[in-house]
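>>> Next input, structure requested:
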Amino acid sequence: MLTELSYNCTISKLLKDIMQRVITTSIGKLGLQADNHGLTHLWFAETNSRTDDEHQSAQAAEILDLTEQQLMAFFAGELDTFDLPLNPKGTEFQRQVWQALSKIPFNQTVSYSDIANAIARPKAVRAVGAANGANPIPIIIPCHRVIGKNGKLTGYAYGLALKQTLLDIEAKQNMH
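Modelled structure (predicted):
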């Protein structure tokens, strides 16, 4: 049985293994979160913030530094493949979808149906859409590369304009 003191120490240790930071990019502010095993979240943020780095995990800090470097290179048109340790949290089905998303080639798009077929669940198109929308690490797990079967842009948690911007960044970079 955990005492209150040991419970609080356990929670404190867990929080020390998680770091967050907000970076400014050409498309706005991005929040990043990592633990000792990899990047866990990326989101579009409103303000700059950084957790207290004192007593924080050196591994998580290195992952955030590497993530920031690679995102900046991506937005500058100098990187088309991310090479980062990732540790997204989700159900087994969601992780299967996110793994399939990670295999979509740079500057290419696929449909939700293509992803459902790729994970051998051809009738799970709506569930694929839900898992795509729950992606905790957009851009790096490229959910923006999924479009409707008719070739049109469809849902994106951060809006279709941003989805188009990300696709345009990739298209522009591919021309160089």
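
>>> low-scoring stretches of this protein, by residue?
1-16, 47-56, 174-176 (pLDDT under 70).

>>> Tell me which stretches of it form strands.
Ranges of strands in the chain, per DSSP state E, are 19-25, 28-35, 38-45, 110-111, 146-147.

>>> Tabulate the ones you listed (TSV), appending mean neighbour count.
Where you see a C-beta, it was placed from the backbone N, CA and C, and this is true even at glycine. Listed next are those as TSV, based on neighbours: other CB atoms under 10 Å:
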stretch	mean neighbour count
strand 19-25	18
strand 28-35	20
strand 38-45	19
strand 110-111	18
strand 146-147	23
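
>>> okay, the ones you listed in a markdown table with distance to residue 71 next?
Output for the strands of the chain, formatted as a markdown table (distance: least, CB to CB, whole Å):
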| stretch | distance to residue 71 |
| --- | --- |
| strand 19-25 | 6 |
| strand 28-35 | 7 |
| strand 38-45 | 8 |
| strand 110-111 | 23 |
| strand 146-147 | 20 |
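
>>> longest helix anywhere in this structure?
Longest helix of the chain, by residue count under DSSP state H: helix 58-75.

>>> Run through the residues that contact the residue most central in space within the chain.
Geometric centre of the chain, nearest residue: residue 137, 1.3 Å, by CA atoms, centre = their mean. By CB atoms under 8 Å, 6 or more residues apart in numbering, residue 137 lies in contact with 39-42, 86, 88, 98.

>>> want to throw these into JSON lines with distance to residue 124?
What follows is those, written out as JSON lines (distance: CB to CB, whole Å):
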{"residue": "39", "distance to residue 124": "26"}
{"residue": "40", "distance to residue 124": "25"}
{"residue": "41", "distance to residue 124": "24"}
{"residue": "42", "distance to residue 124": "25"}
{"residue": "86", "distance to residue 124": "22"}
{"residue": "88", "distance to residue 124": "19"}
{"residue": "98", "distance to residue 124": "14"}
